[in-house]
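Trainee: Quick one: sequence plus predicted model below, questions after.
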Protein chains: 2
Amino acid sequence: MDLHTANGSTLLQNIDQWRELCEPMPTGISPATSSDKFKSPVQFHAIASIHFLSEESASRKGSTLKVAARYLKTPGIISLGGGLPSPEYFPIEKVRVDVSQPAGHQATANGSLATIEASKGDVRNGRGLYDLEVALNYGQAVGSAQLLRFVTEHTEIVHSPLYSDWQCCLTSGTTYAWDATLRMLCQRGDYILMEEYTFSSAQETALPQGLQIAPVPMDDDGLLPERLDEILCSWDVQARGARKPHVLYMVPTGQNPTGRTQPAARRRAIYAVAQRHDLCIIEDEPYYFLQMPTTTTGAEQESSSSELPSHESFLQSLIPSYLSLDVDGRVLRLDSFSKVLAPGLRVGWIVGAERLVERFTRGCETSNQNPSGVSQIIIYKLLDEQWGHAGYLDWLMQLQQSYRRRRDGMLQACDKYLPREIASWDAPVAGMFHWIRVDWTKHPAVKAGKTPEEIEEAVFHAAVDAGVLVCRGSWFRAGGASIGDNPLFFRTTFAAAGADAISQAISRLGQALRAEYQLDSSV
Amino acid sequence: MDLHTANGSTLLQNIDQWRELCEPMPTGISPATSSDKFKSPVQFHAIASIHFLSEESASRKGSTLKVAARYLKTPGIISLGGGLPSPEYFPIEKVRVDVSQPAGHQATANGSLATIEASKGDVRNGRGLYDLEVALNYGQAVGSAQLLRFVTEHTEIVHSPLYSDWQCCLTSGTTYAWDATLRMLCQRGDYILMEEYTFSSAQETALPQGLQIAPVPMDDDGLLPERLDEILCSWDVQARGARKPHVLYMVPTGQNPTGRTQPAARRRAIYAVAQRHDLCIIEDEPYYFLQMPTTTTGAEQESSSSELPSHESFLQSLIPSYLSLDVDGRVLRLDSFSKVLAPGLRVGWIVGAERLVERFTRGCETSNQNPSGVSQIIIYKLLDEQWGHAGYLDWLMQLQQSYRRRRDGMLQACDKYLPREIASWDAPVAGMFHWIRVDWTKHPAVKAGKTPEEIEEAVFHAAVDAGVLVCRGSWFRAGGASIGDNPLFFRTTFAAAGADAISQAISRLGQALRAEYQLDSSV
């Protein structure tokens, strides 16, 4: 096997050989580690590093006590240095977790479930590379070496970065990662670029930091590169009272709130604009693996859901990430287990150029430290020891199919219940959101001078009164822009409610729209 | 029972009746909650709220989507609003944890261990108030209602705050809580007040935020109130280029690094100075429960370790916290499970005036969100369901005794191995640190013009060469002050190594000191 020419699938098939090429796993408490220990040796490309660090991040020094920890390598040394509690006082001796198996994986004595377990003495007793003595103690900000290895390998398998000095750092979720990223890259008064409809919480993270939002118009394929270029070319420092923006935040796949997914060509065009204007691209990709073909007929759906594609064709079917296109090291990818395992674990990771990830990691050391050790060891045991990389891909494919069925149910309900005279939509091809467009110009109160905002509010309350909660499009307007000439939008999700509840909820939304618009209420 | 006149012990004994007076536990996914639901109804006192919020914190608005969640209370409503994944897709079905029992608690079939467990359907099936469907999904920034109840009650039992509108918010550890507290209270350019020897990481959190450190001299009882008053009375805004400080950070109990503990009278005196100058006191108290009597003889130690004191006398033995003295709402207490359960859980909490805790919680919503749900449910099951408040106090008392034995072993080793001509120390009465004073004026190289810093470095390296890692006192000098006329100090911990290793390590330190100081090396 020549790993020098390997792609993601080749690496996937040869993971054991790959690991043999790497340094042995450090199994002690809080060992220094990085993705370099686990990356394949094929990655050698130049990188034009980016240079926008905030005063806060640039001035950040390494931790004194962590620097002292390097003396721990002295053979035979006894440490009276770090105030790490002794594992013998941890009241948690053993954790056992019953976990699902991806479809097609061998059932166990426990039915369709498998049991993973971790005890205090596992490493000492040769029962594994990661145990509770390590997981329950203090750790490194970059995350445990064990889980870091998995996400590093996963990153290579899925994204095969084109430059060599990329790194991963575990995070306790993308909300934190985004907050820390802004503090790393921006100063009070700066503008950041966001999609014109953006994840409201991402905006709410930026505003109190004194940042301002420059919204970039979108079409059905997401953010428009020409409009991005225009905004940057015509940036007037005097008029704006701020330097030209250098951070572009996007959810490229199954965007929140619009559900839109940027095709590969769109991504390449946006990346070119980012190069032209030296932008740092933050790709927030919780829904990346929830990509799904456009609506299928009932028959196709039936047959396709019965078997999973090969890993190779699954990997090839994924739209290229910005990380995978990045030749300069200007992309910081925010990844998360929240939508594919469980959000309550509070574990995600970032991937990007070493220079950025190192600053990010230093920041974690005096803030969030590292994700919960219990969450980390459960995910490691599940993904690495129980499922393996191949099994994890099987899980993702299965999840993708589940979300596709839900999405299809949502679309069928919309077809059946929503008044086409005023409501329209595109089928989302990724994620968990369905974005319904409503024509406010046809609302009877327009003649009486009602604004789009007032009509949106009336429809929202009519929906609540009819028994369905949806999100108002205006909540997601970047920079607080008014609705203006745009249509109304309502964000609905097919993630939370079951199929029957979705159908009933959309039926109620249809009733509410008909009542508000004084349309014929017979379906 | 009259809860109006209850103290901590009374509440401890009547916890079930207390809970009956409270609102029922919300058991759904991510319910809005606060300590108010779980506090006893006895707390009604005025509070002079403090007023130093940073621009960032003051400008922070509530989350749009969390505000929308209030419509979820509408009976029969179906939510297509929040993008919460469906629990059926979480691959974790059941968690079982073998946990220690405090000494004296009934052994189980599993020997000295008990088993706690949580499954997805526990709430639905009437098997508990908190389950994996809730713990593994998104949660509230304030923490899960279930664990929040426990820490709220624990706060009343231990600290009985004197004013009514205090709140708790769970954190993912005190490092994060301190970072977020500084961002809430301070602006770039501000000074904060710290003990002259301070936890280096706490200082490293502040510096990149553009904050400066004003060190306050200490004596054997910790920070000196007169010197604090002096610094504030003589604060020269022009000369300092910064407004008068309004934040005082302290580790009052088992201070890191000095191991010193402020007696009650010292705390009252410092609190009075804080009132005079309108300071916000941040009390960082990870070692609060590791209070221990001064050295005992072998015989006393034997007898006292064989039985635990009553809960009432244990609670009465604890030095009053600043929280318990606070009549104004100017104290923010940072609490943590790291030193009493396990740091890898990454769970702590803050307690303080509602006005501050509310701002803190809003900040978490767009940053760290909430601690790991897996960590939360394990701690809840352990502390609330398995041990109860009384059992937790038993655990703490037992832990205190374990640390006392380690501390005593450390002191015996110092007595035996360290050269008294140059080294001296006081027995720490709390925490996990032993602070060893070394006279640099007696070092043979002083005459040759070596600085205290150079001598400290030489001793440090001699110790490493002899096979023991200790921390240099200068690493903890607040504001980067030089050693000056102060003695050298070395921080050692009795937390990490076992008794034999501690003895050997101190013996090595003794050899290193003797060699460095050219003393007679026969012990």
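Mentor: Perfect, thanks for sending it.

Trainee: Give me the outermost residue of chain A relative to its centroid.
Mentor: A:Ala448 (43.9 Å; CA atoms, centre = their mean).

Trainee: domain assignment for chain A?
Mentor: Annotated domains of chain A cover A:141-289+A:312-371, A:418-516 [automatic domain parsing].

Trainee: Quickly note the distance from A:Gly82 to chain B.
Mentor: 6 Å (CB to the nearest CB, to the nearest Å). Where C-beta positions appear, they are placed from N, C-alpha and C, glycine not excepted.

Trainee: Do you know the pLDDT at that residue?
Mentor: Per-residue confidence (pLDDT) for A:Gly82: 85.

Trainee: now it, what's its secondary structure?
Mentor: coil (DSSP: H, G, I helix; E, B strand; the rest coil).

Trainee: Am I right that it is in contact with A:Val67?
Mentor: No: here A:Gly82 does not reach A:Val67: they are 11.6 Å apart, not a contact under CB atoms under 8 Å.

Trainee: Next, A:Leu315: secondary structure please.
Mentor: helix.

Trainee: how close does it sit to chain B?
Mentor: From A:Leu315 to chain B the distance is 21 Å (CB to the nearest CB).

Trainee: where are the low-confidence patches of the stretch 51-200 of chain A?
Mentor: A:107, A:109-110 (pLDDT under 70).

Trainee: Name all residues that make contact with the most centrally placed residue in chain A.
Mentor: Centroid-nearest residue in chain A, with CA atoms, centre = their mean: A:Pro286, separated by 2.5 Å. For A:Pro286, the contacting residues are A:Thr174, A:Val251, A:Asp335, A:Ser336, A:Ser338, A:Lys339, by CB atoms under 8 Å, 6 or more residues apart in numbering or on different chains.

Trainee: For chain B, see how far away the second one is.
Mentor: Right, the one you point to is A:Val251. For A:Val251, the distance to chain B - CB to the nearest CB - is 11 Å.

Trainee: The longest helix along chain A and chain B in contact?
Mentor: As assigned by DSSP state H, the longest helix anywhere in chain A is helix A:388-417. Yes: using CB under 8 Å from any CB of the partner chain, helix A:388-417 reaches chain B at A:Trp395, A:Leu399, A:Ser402.

Trainee: Enumerate the positions of that helix that are buried.
Mentor: Within helix A:388-417, the residues scored as buried using 16 or more other CB atoms under 10 Å in any protein chain shown are A:388-389, A:391-404, A:406-414, A:417.

Trainee: And for stretch A:108-115?
Mentor: A:Leu113, A:Ala114, A:Thr115.

Trainee: what do you get for stretch A:268-286?
Mentor: In stretch A:268-286, counting by 16+ other CB under 10 Å, buried: A:269-271, A:273-274, A:277, A:279-286.

Trainee: what residue ranges in the stretch 351-500 of chain A score low on pLDDT?
Mentor: For the stretch 351-500 of chain A (pLDDT under 70), the answer is none.

Trainee: Break down it into its helices, ranges please.
Mentor: A:354-365, A:373-380, A:388-417, A:452-466, A:499-516 (DSSP state H, counting those that start in this stretch).

Trainee: And the contacts of the last one?
Mentor: Outside helix A:499-516, the residues within contact range by CB under 8 Å, 6+ apart are A:405-406, A:409-410, A:412-414, A:416-419, A:422-423, A:436, A:438, A:443, A:458-459, A:462-463, A:465-468, A:470, A:490, A:492, A:494, A:497, A:519-521, A:523, B:78-80.

Trainee: Of the residues you listed, select the buried ones using a PyMOL command.
Mentor: Selection of the buried residues among the contacts of helix A:499-516 in PyMOL, burial being defined by 16+ other CB under 10 Å:
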select buried, (chain A and resi 406+409+410+412+413+414+417+418+419+422+423+436+438+443+459+462+463+466+467+468+470+490+492+494+497) or (chain B and resi 78+79+80)
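
Trainee: The longest strand seen in chain A close to chain B?
Mentor: Identified as the longest strand of chain A according to DSSP state E is strand A:92-100. Yes: with CB under 8 Å from any CB as the measure, strand A:92-100 is seen reaching chain B through A:Ile92, A:Glu93, A:Lys94, A:Val95, A:Arg96, A:Val97, A:Asp98, A:Val99, A:Ser100.

Trainee: For the stretch 151-300 of chain A, which residues are neighbours of chain B?
Mentor: So far as CB under 8 Å from any CB goes, the stretch 151-300 of chain A lies against chain B at A:172-173, A:175-176, A:179-180, A:200-201, A:204-205, A:207-210, A:256.

Trainee: Which ones among those lie within strands?
Mentor: Going by DSSP E, the strands hold none of those.

Trainee: Mind giving me the PyMOL select for the residues you listed, buried ones only?
Mentor: In PyMOL syntax, the buried subset of those is picked out as below (16+ other CB under 10 Å):
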select buried, chain A and resi 172+173+175+176+179+180+200+201+204+205+207+208+209+256
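
Trainee: The residues of the stretch 151-300 of chain A next to chain B in helices, which ones?
Mentor: A:Thr175, A:Tyr176, A:Asp179, A:Ala180, A:Ser200, A:Ser201, A:Glu204, A:Thr205.

Trainee: Distance of the second one relative to A:Leu396?
Mentor: Okay, so that is A:Tyr176. 23 Å (CB to CB, to the nearest Å).
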